[in-house]
Structure formats: structure tokens, C-alpha cells
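Novice: with the sequence up front, the predicted model follows.
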Amino acid sequence: MPAKRWAAPALLALSLPLLTSLTVLTPPAAAVTFPSSSVADSGAEAANASRVPLEEINATTTQVAFGLRRPTAIAAPDDGTNRLFITEKRGTVRVYHPDTGLGQNPIIDITASVDESGNERGLLGIAVSPDFAESQDLYLAYTALPDGAVTLARYRLDDASLEPLLSQEHAEHSNHNGGQITFGTDGNLYMSIGDGGGAGDPFDTGQRLDTLLGKILRVDVSRRCGDLAYCVPEDNPFVGVEGAREEVWMYGGRNPWRFSVDPADGSMWVGDVGQGRWEEINHIKAGRQAGANLGWSCFEGLEVFDEAQCRSGAEYTKPVFTYSPHTGGCAVIGGVVYHGEEFADLVGGTYIATDYCSSTVWALREDGAGGYLAAEIGQTPTQVTAFGTTPEGEIYVVNDLPGGLHRVSFEHAKPTCQIRYSTQIWGRGMTVDLTITNTGTTPINGWALRFPLARGQRIISDWNTDLTQSGDIVTAVNATHNGSIAPGQSVTMGYLAGHTGDASLPSRFSLNRDTCAVDR
């Protein structure tokens, strides 16, 4: 489950260069198959949704089931039954149906095989076979008895048999197990495994290719090859590379607790839990995944973490979005791209994620110019551990404690605040004046404006506010004379900052935790 910081010990936490002589093979883009017409039509829906600014979208959740025991993952069979399969940490799988609710008795019970010791061990992931309607095969990822080895297994519903397929030793530490599994658009199964746990990548596994720790794997579970209970696809990037595990698809992960494959284009979104300074989300297109290096433990986010793990000439895949725990977060919970019909006009083609501690809902969308738009668009219930989608593309989440299933909805809501800024930049300094306008219909009595600074920027002084900086996050609270903002009225504040070369302005603002529109 996510693995995190000592600042929240009771929480379930999910918690770069390689040898330059290695040749990284890039396979052709995978053929895309669509599980439903709603995904096939997502291009037009995403185009419509892109006209709705992220700041005008509000995410909400509705609890639909109670009584789950530390749920960890969701999967939905495309067999016309409208069921959801929900894993529980102890080693059971429960069934939810929208008409009858949560089944009391597990449909699967492998507790006799699961090591659930420690906060992060247990039954961690579930994937439905592409031919499930005929085969009744499910795939499970769990930490196995007796020593916590991260294990991939096939479970046959018709005879309740469990067949381990792949195992990675993970005995030294109980955290950073990964455990996400899903089928890609190419029919292969993808699986994440964390770096082996502890702190700071003590075994340097992130940048090693001779271990499955700190990796995302790609295997063909529809066949057997030699002594293996699966086959390694011939176009995996390290096939034939001496000393490398051929199952490796991507490397340099710390604890990629939750990732997803976008069924519309085969791209992969990876939420990788950080060490303590940065949570990150990576978006890797289909043609760039093979051999991609996510950076750990040379990098944490965009910053060098361990220079000894960095190699001259290595190529790293930079995250498309990072945030610091100074926002109240502790472990990114990677999500999914929305391809449902109900909210296609708002969030079609938009990636949705959250954080285990802050419960902030993050929305990410490509901006059409090589970058990404990002906004906070709401709150999930506390301690969400996983996202899942129905075959029609609607989103559900499960939360750890008290253990519930929630349906995610979206609505169009105009922001109640607007930010305008002006700036002067010189050498290594800059001044920024911010105008905060109440665009809502009720007065604001007391405000706190929160925004991130670019890397290397530090506040030197401020005016018309009581301002503090923690890491990259600035919190500006009203002064005694400007705490009230009537509808349609504005107040001003500003700051003087030093910078180390990046004088870019803040990209997002929230006022009393409501996202503001930004007039650039």
C-alpha cells in the first residue's frame, strides 16, 4: 500500500543512470484495442472536455459500500455482470454489485498464502484476464508466506486454484512492495514491484537491471516458456542483455504503488511514491516505454537524490507532475484516465489521481504544447488506496480506514476566486503582485492563499499578508486590514523572492482550499 513517512506512522503508506553501453530497444507502438465504444469515442469527448478549464471542474464522491477490511485494489470483469472485484489486505476478494451491494462472503480467500505482516504487505493487486468470460481466470499480486516474497499468481474461479507464476524475494523490509497489476492494450500483463523497502534505496535496486525490485515488468501470462510459467515478450527491452532480468519493462521506480494503462492510446501513467520531498506522476507514451528509466534513486522528482546513483550520459524520463508533502500529502495514489460517458464533456481524456494523506484530487491534462495542465479539483475520502473503473469507464475508489467503496462524480463549478498577477524580474530577484478577486456570491471573511513556487525560488519579504514558505509551498494569510473580500471585490498582496534562474510564476492557486482561476 503506499509507504510513507515517519510523520504519519499509523497510516497505510505506499510509502538514474545505467551503463551507457546498453542498447535500449524501442518496440513499435502497441496495437490499441478498445473494451467498449465509450473508449473508442474518447477522442472527440476529450476534445470537448479540454474546452472546460480544469479549475472549473469539481470532483465529488458518493459512498456505495461499507465494511471492507483494508481494501487495496479494484477490478471489473467485462462480462455483463456489472460486478466489481475488491481485494482486501488480508487475502480476500469481495464482490460489489450496484443493485445488491457488497457481498458478505469473499469470492476468493487466499489468506493461507498471504503474508500480511507489516503495514504494506498483503494482497495488493488484481487483474482480470482478457478472456475472463470464457476462462474465469484472475491474476493476483501479493506478498507470500513465509518471507514476504512479492508474488504474481493466477487464480481460477471455477476450481478455486492458485498457481504462483513469478516471485521476487523481499524479506529484508516489509515496505515498498508495489503490487499493481494490469493488462495492457497489447494483451501482456504489467506489474510493479517497489525497490525493496527501507529508506533511500539501501540496495541500490532502482538502477540495477539484475533484480525485479524497483521495476515495472511486462510478461505474457497466456503461454509458458521452458521452465517459466509465463513468457517474456521478445520485444522487451533487455531481452538478451547479459546480467539483466528480461521481464523488466521500465526501471528506476521507488514504489510505483499505482499505475494504469490508458486504453485509448496504450500510454502508461505511473504514480511513484517519494522519499520525503517529492511525489511524482509519470506519463510515458506507448512508443517510449521500453527501457524507460524513471530516475530513482539518482532522482527524487526533478531533484538529484543520490549523486552516486547518477551516471553520465544516462537518459531519464522526467515526471510530468510533482508535488511536495508540504501540501499535506504523504503518498501519491496513481489513478486513471477518465473514459466514461456520464462526465465525458467535463473530464473525458483527463487523468485523475489523489494522495493518501491530503485526499486532494489532482487532474492532469496535456496542454497541446508539450506540457501538462494540473489543478486541484476536490477531495476524496480519507486514505484512498486505489482507483478502478467499470468496463464503461466510470471511476470508483476504495479507502483504507474505515474501509469503503466510493463512486467518483464530476460537476461544472465556476471558481469562486480569481488571481491576477504582475511581476518585475531582474538578475536573481523578482517581485510579484497578486490581486485576489472574490468571484463568488458570498463574502470571504478570512482567507489563506496557497501556491507552489518554482524550484530555487525563496521568499525574502512580503506585503499585505502574513506569508510563510515551507519547501516549495507558500501559504499567504490575510493581514488584519484585508481579511474580508465582498463578492466582486479584490485585495492585493505581494512578495519579493530570489531565484536561481527559474523566474516562472506560480501555476496554480487555491483560496481556502478552493481552486482559483488564473488570469495570465
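Specialist: Thanks, I have the structure now.
Novice: give me the contacts around stretch 154-166.
Specialist: The contact list for stretch 154-166 (CB atoms under 8 Å, 6 or more residues apart in numbering) reads 107-108, 110, 113, 135-140, 144, 151-153, 191, 217, 219, 221, 229-230, 247. Any C-beta I mention is one placed from the backbone N, CA and C, and that applies to glycine too.
Novice: now do it: distance from first to last residue.
Specialist: Using CA to CA, to the nearest Å, the end-to-end distance of stretch 154-166 comes to 10 Å.
Novice: which residues in the stretch 51-200 of the chain form helices?
Specialist: For the stretch 51-200 of the chain, applying DSSP state H, counting those that start in this stretch gives helices covering 132-135.
Novice: quick one: the strands in it?
Specialist: Secondary structure of the stretch 51-200 of the chain, counting by DSSP state E, counting those that start in this stretch: strands at 57-65, 71-75, 84-88, 92-97, 101-102, 108-109, 123-128, 137-144, 149-156, 161-168, 181-183, 189-193.
Novice: need these in a markdown table with mean neighbour count, mean pLDDT and distance to T435, can you?
Specialist: Formatted as a markdown table, the strands of the stretch 51-200 of the chain follow (neighbours: other CB atoms under 10 Å; pLDDT from 0 to 100; distance: least, CB to CB, whole Å):
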| stretch | mean neighbour count | mean pLDDT | distance to T435 |
| --- | --- | --- | --- |
| strand 57-65 | 18 | 98 | 24 |
| strand 71-75 | 26 | 98 | 43 |
| strand 84-88 | 25 | 98 | 47 |
| strand 92-97 | 20 | 98 | 48 |
| strand 101-102 | 16 | 98 | 49 |
| strand 108-109 | 18 | 98 | 57 |
| strand 123-128 | 26 | 98 | 47 |
| strand 137-144 | 24 | 98 | 50 |
| strand 149-156 | 21 | 98 | 52 |
| strand 161-168 | 16 | 98 | 54 |
| strand 181-183 | 20 | 98 | 45 |
| strand 189-193 | 28 | 98 | 44 |
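Novice: how about the ones you listed, which one is nearest S117?
Specialist: strand 137-144 (8.3 Å; CB to CB).
Novice: for that closest one, name the packing helices and strands.
Specialist: strand 123-128, strand 149-156, strand 161-168, strand 181-183 (3 or more CB pairs under 8 Å, 6 or more residues apart in numbering; DSSP states H and E).
Novice: which residues does the residue positioned nearest the centre of the chain contact?
Specialist: By CA atoms, centre = their mean, the chain has its centre lying nearest to G334, at 1.6 Å. By CB under 8 Å, 6+ apart, the contact set of G334 is 180, 256-260, 269-272, 281, 353, 387.
Novice: likewise V474?
Specialist: R450, F451, P452, L453, I459, L467, T468, Y495, P506.
Novice: let's see that with 6 Å instead.
Specialist: Each residue near V474 by CB atoms under 6 Å, 6 or more residues apart in numbering is listed here: F451, L453.
Novice: what pLDDT does it get?
Specialist: As predicted, V474 sits at a pLDDT of 97.
Novice: confirm that it sits in a strand.
Specialist: Yes. The assignment for V474 is a strand, going by DSSP: H, G, I helix; E, B strand; the rest coil.
Novice: picking that back up, report the two of the contacts of G334 separated the most.
Specialist: The farthest-apart pair in the contacts of G334, when distances are taken by CB to CB, is D272 and F387, at 15.4 Å.
Novice: give me the more crowded residue out of these two.
Specialist: Each of D272 and F387 has its neighbours counted (other CB atoms under 10 Å); D272 has more, 33 against 23.
Novice: now do the host helix or strand of T385 against strand 123-128, angle only.
Specialist: In this assignment (DSSP states H and E), T385 forms part of strand 384-389. Orientation check (axes from the mean of the first three to the mean of the last three CA atoms, to 10 degrees): strand 384-389 against strand 123-128 gives 0 degrees.
Novice: which helices and strands does strand 384-389 pack with?
Specialist: Packing partners of strand 384-389 (3 or more CB pairs under 6 Å, 6 or more residues apart in numbering; DSSP states H and E): strand 71-75, strand 332-337, strand 395-399.
Novice: one step back: Throw the strands of the stretch 51-200 of the chain into TSV and include distance to I485, thanks.
Specialist: Converted to TSV, those look like this (distance: least, CB to CB, whole Å):
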stretch	distance to I485
strand 57-65	21
strand 71-75	42
strand 84-88	44
strand 92-97	44
strand 101-102	45
strand 108-109	54
strand 123-128	47
strand 137-144	50
strand 149-156	52
strand 161-168	55
strand 181-183	46
strand 189-193	45
